[in-house]
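> Okay, here's the prediction I keep looking at, along with the sequence it came from:
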Amino acid sequence: MRAPSLLELLPVCLLLACGGVEPEAGDGDTTDTSGAAEDPEPHATFTGKVDVIGLCGTEGATVITFLARRVGCESLTAPCTIEIDPYAEWSGDAVTCPSSQTALDMRVEVPTSGRYQVEALTMTPSGFQSLCHGQHAEVPTVVTAAQLDARAEIFVEQTAKPCPDPG
């Protein structure tokens, strides 16, 4: 029996070096089928259907961003401190205009409990246009510590009015 030549081993070496061998199941690793690594930190995710046509139809609109603004504490009775100048905001999904989508599911993650205004926002040459979203179309939407620990997905719906001034 002869030893394999270097040219015969080259495809095997490339296969191994390029990660062509899958790890065996049960080795303790988990795989995320979405392609994105799961955030190990406690958080909640707001998910809402955004009227892309309405926001991209605004003259000069270039991008829509789904964002969450913390406007209050989880409890209305317990003392707490929040940032108000400016309010803490987290940006989520963004879509460029024009878009061929009529409505699009957009998401934003938040790492702390509290009361949130969630909105789809587009900047225009004259300012901005936004669509407010809330759980059951109510604003603000409360995120609890238990929801953060459970990495809850909170579905929000577009409200009939713009988000109120949080101040």
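Yep, that arrived.
> For the residue nearest to the spatial centre of the chain, list the residues it contacts.
With distances taken as Cα atoms, centre = their mean, the residue of the chain nearest its centroid is residue 108 (2.8 Å). Neighbour list for residue 108: 45-46, 66-68, 90-93, 118 [criterion: Cβ atoms under 8 Å, 6 or more residues apart in numbering]. Any C-beta I mention is one placed from the backbone N, CA and C, and that applies to glycine too.
> Residue 141 versus residue 115, what's the distance?
Spatial separation of residue 115 from residue 141 under the definition Cβ to Cβ, to the nearest Å is 7 Å.
> of these two, who's got more company?
Using other Cβ atoms under 10 Å as the criterion, residue 115 and residue 141 rank with residue 141 on top: 23 against 19.
> Local confidence estimate at the more buried one?
Per-residue confidence (pLDDT) for residue 141: 96.
> so it makes contact with residue 118?
Yes. Residue 141 is within contact range of residue 118, at 6.2 Å (criterion: Cβ atoms under 8 Å).
> what do the two both touch?
Common neighbours of residue 141 and residue 118 (criterion: Cβ under 8 Å, 6+ apart): 46, 134, 156.
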